[in-house]
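[1] Here's my sequence, what's the structure:
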Amino acid sequence: MLRTTLIYGLLETMRKNANAGCFDLKIFETGRVFWHGKRATFRRKKNRIGGLLTGSRYDNRWHYKDIPADFYDIKGCVGLLSEISPMKFREGCRNPSFIQAGPAA
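    Sure, this is the predicted structure:
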């Protein structure tokens, strides 16, 4: 099977870690995704990067105890990535729960 998104791999990794008792995750995955071209075959492919943050923002230390990760942590990660490799952000993602980003044109 050709994958059309990286989301399922990230969620599977989160599930395995949660089953092992680890709820504080900061993970990413890079890879190629495929989708239908003009005909009914998978003709289009792009390299993508996906990330997932859950649980506490920092390791459990006395001065950063129980601060949960939030939207601004993800925004900071995306900002750092855009400094390394130029990106273009666009509207029109089919699922409004996710940010869709790709390389700058």
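[2] how about the strands of the protein, start to end?
    For the chain, applying DSSP state E gives strands covering 25-36, 42-54, 87-89, 101-103.
[3] Can you tell me which of those is nearest to Asn19?
    Smallest distance to Asn19 across these (C-beta to C-beta): 12.5 Å, for strand 25-36. C-beta coordinates here come from the backbone N, C-alpha and C atoms, glycine included.
[4] Okay, helices next: where are they in the chain?
    Here the chain has its helices, by DSSP state H, at 7-19, 71-84.
[5] I'd like the mean pLDDT over the shortest one, please.
    Taken as a whole, helix 7-19 has an average pLDDT of 92.
[6] With the last one instead?
    Here helix 71-84 scores 83 as its mean pLDDT.
[7] show me what contacts Leu52?
    Going by C-beta atoms under 8 Å, 6 or more residues apart in numbering, Leu52 touches 10-11, 13-14, 25-28.
[8] mind running it again at 6 Å?
    In this structure, Leu52 makes contact with 10, 14, 27, judged by C-beta atoms under 6 Å, 6 or more residues apart in numbering.
[9] Count the neighbours of the residue nearest to it when sequence neighbours are not counted for me.
    Of all residues not flanking Leu52 in the chain, Leu10 sits nearest, at 4.5 Å (C-beta to C-beta, 6 or more residues apart in numbering). Neighbours of Leu10 under the rule other C-beta atoms under 10 Å: 17.
[10] looking at the strands of the chain, which one has the lowest mean pLDDT?
    strand 101-103 (a mean of 46).
[11] mind checking how far Tyr72 is from Phe28?
    Taking C-beta to C-beta, to the nearest Å as the measure, Tyr72 and Phe28 are separated by 17 Å.
[12] Between those two, tell me which one has more neighbours.
    Phe28 (13 against 10).
[13] still on that earlier bit, now distance to Leu52 too, for the helices of the chain, in a markdown table please.
    Below are the helices of the chain laid out as a markdown table (distance: least, C-beta to C-beta, whole Å):
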| stretch | distance to Leu52 |
| --- | --- |
| helix 7-19 | 4 |
| helix 71-84 | 9 |
